[in-house]
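Engineer: Pasting the sequence and the predicted coordinates here, then a few questions.
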Amino acid sequence: MNKREKLSYLADLEDGYRPFDKHSLTLLRSLLDDHDAEVRAEAIACLWYDPDSRWIDVLTRKATEDPHVDVRAHAISALGRYVYEGEEANLEGWDAPFLEITSEDYQRVTDFLFRIAQDPEESLSARRYALEALAFRADDPDVSDLIEWAYHHRDRRLKISAIFAMARHGDPRWAEYILAELRSDDRQVQYEAVRAAGELGLVEATDTLIEMATNKTYRKPLRLLSIYALGETGDDRAYPVLEKLARSRDRDVRDVARDAIEEWIMVTHMDDMADEGIDEMDAEDVADQFETDTFPDVWDADTGTFSKN
């Protein structure tokens, strides 16, 4: 396989067009040590979708020993999936049948990520992606302290990662920061703030998001992200705006607005059920009725399992 064929195969694997069967896993393991750094990084990105404990040693080794910074960043980011799985286990119980991680592995991964995030001798990219990976630990005050530190750091890249982490972390305390950064002069900071406002469903951001979604002077990627974020807020004020945008002459705007309407419908249904006291299992059944994509294809270059900014 040449480089293009390898990357195409990995993209199909990551997008779910190929199964994680024995053949795919054998090839994936070989590509983790490919001579090309881009291939290695994409192979590691695929491991986000296969959170088997057998990959932990591979990822920690890649995170510390690979000579290329992008490969190390992808490895650190992929370890975040184990943090996510561990947090799910803390909620559901460690004896849940669907778990693919043990409490010992979860502790080993989080200890590794904390060491990187808190080590001033580590590279900036390693520390920021370790922070993003740890952000799933919503009840950990040490993670909150790391996010606060990164947000106020003089290096803007850490600030960008902090905002990304705020969306994952989900603490209401971050709303003030995110709302303020919606007006940031830094394009990447602003982009992450819009995405975070949507993920956290910040109704307080609705007016600003409407302005961004409808004003053609804003750059198009930000407009599209704002449109989708409007759907995630579930705010009543958002629906008529999305309805109008869904009839736009611009195909991208039209498609994203339609996806945002589906998201808005699901969010409002879930909110209604919460108000009526319907239990979590019934809520999941209703959510399955809606076929929504997390993000339209127009953002493939800008989003993923970790901040690309």
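Structural biologist: Arrived safely, thanks for sending. Just so we're clear, the structure is a prediction, and the values are computed from it rather than from any experiment.
Engineer: so who does Arg183 touch?
Structural biologist: Residues in contact with Arg183 (C-beta atoms under 8 Å, 6 or more residues apart in numbering) are 190, 208. C-beta: built from backbone N, CA, C; applies to glycine.
Engineer: what secondary structure does it sit in?
Structural biologist: coil (DSSP: H, G, I helix; E, B strand; the rest coil).
Engineer: measure it to Thr208 for me?
Structural biologist: Look at Arg183 and Thr208: by C-beta to C-beta, to the nearest Å, they are 7 Å apart.
Engineer: so for stretch 50-64, what's the average pLDDT?
Structural biologist: Stretch 50-64 carries an average pLDDT of 94.
Engineer: List of residues touching stretch 187-205?
Structural biologist: Contacts of stretch 187-205 (C-beta under 8 Å, 6+ apart): 156, 159-160, 163-164, 166-168, 170, 174-175, 178-179, 181-184, 209, 212, 219, 221-222, 225-226, 228-235, 267, 302-303, 307, 309.
Engineer: and those residues, which of them are in helices?
Structural biologist: Among the contacts of stretch 187-205, the members falling in helices (DSSP state H) are 156, 159-160, 163-164, 166-168, 175, 178-179, 181, 209, 212, 221-222, 225-226, 228-233, 267.
Engineer: And the buried ones among those residues, selectable in PyMOL?
Structural biologist: A single PyMOL command selects the buried members of the ones in helices among the contacts of stretch 187-205 (16 or more other C-beta atoms under 10 Å):
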select buried, resi 159+160+163+164+166+167+168+175+178+179+181+209+212+221+222+225+226+228+229+230+231+232+233+267
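Engineer: chain center to stretch 39-48, what's the gap?
Structural biologist: How far stretch 39-48 lies from its chain's middle: 16 Å, per C-alpha atoms, centre = their mean, to the nearest Å.
Engineer: Report the buried residues of that stretch.
Structural biologist: 39-48.
Engineer: any idea which of those is closest to Asp57?
Structural biologist: The shortest approach to Asp57 among the buried residues of stretch 39-48 belongs to Leu47, at 11.9 Å (C-beta to C-beta).
Engineer: Against Arg247, how distant is that closest one?
Structural biologist: Going from Leu47 to Arg247 by C-beta to C-beta gives 42 Å.
Engineer: Same check on Ala41?
Structural biologist: 40 Å.
Engineer: With Thr26 instead?
Structural biologist: Distance of Thr26 to Arg247, given as C-beta to C-beta: 49 Å.
Engineer: Next: Ile147.
Structural biologist: On the measure of C-beta to C-beta, Ile147 and Arg247 end up 40 Å apart.
Engineer: With neighbour numbers in mind, choose between the two.
Structural biologist: It is Ile147, of Ile147 and Arg247, that has more neighbours when counted by other C-beta atoms under 10 Å, with 27 against 10.
Engineer: Now the phi/psi pair for that one, please.
Structural biologist: phi -60, psi -40 (degrees, to the nearest 10).
Engineer: Tell me how many other residues crowd Glu176.
Structural biologist: Glu176: 10 neighbours (other C-beta under 10 Å).
Engineer: Model confidence for it, exactly?
Structural biologist: With respect to pLDDT, Glu176 has a value of 97.
Engineer: How about the one 4 residues further on?
Structural biologist: At Ala180 the predicted local confidence, pLDDT, stands at 97.
Engineer: Am I right that Glu100 is in contact with Tyr82?
Structural biologist: No. Counting by C-beta atoms under 8 Å, Glu100 stays clear of Tyr82, with 9.0 Å between them.
Engineer: Find residues that contact each of these two.
Structural biologist: 51, 53.
Engineer: out of those two, which sits in the more crowded spot?
Structural biologist: Between Glu100 and Tyr82, Tyr82 has the larger neighbour count (other C-beta under 10 Å), namely 27 against 14.
Engineer: No more questions from me, cheers.
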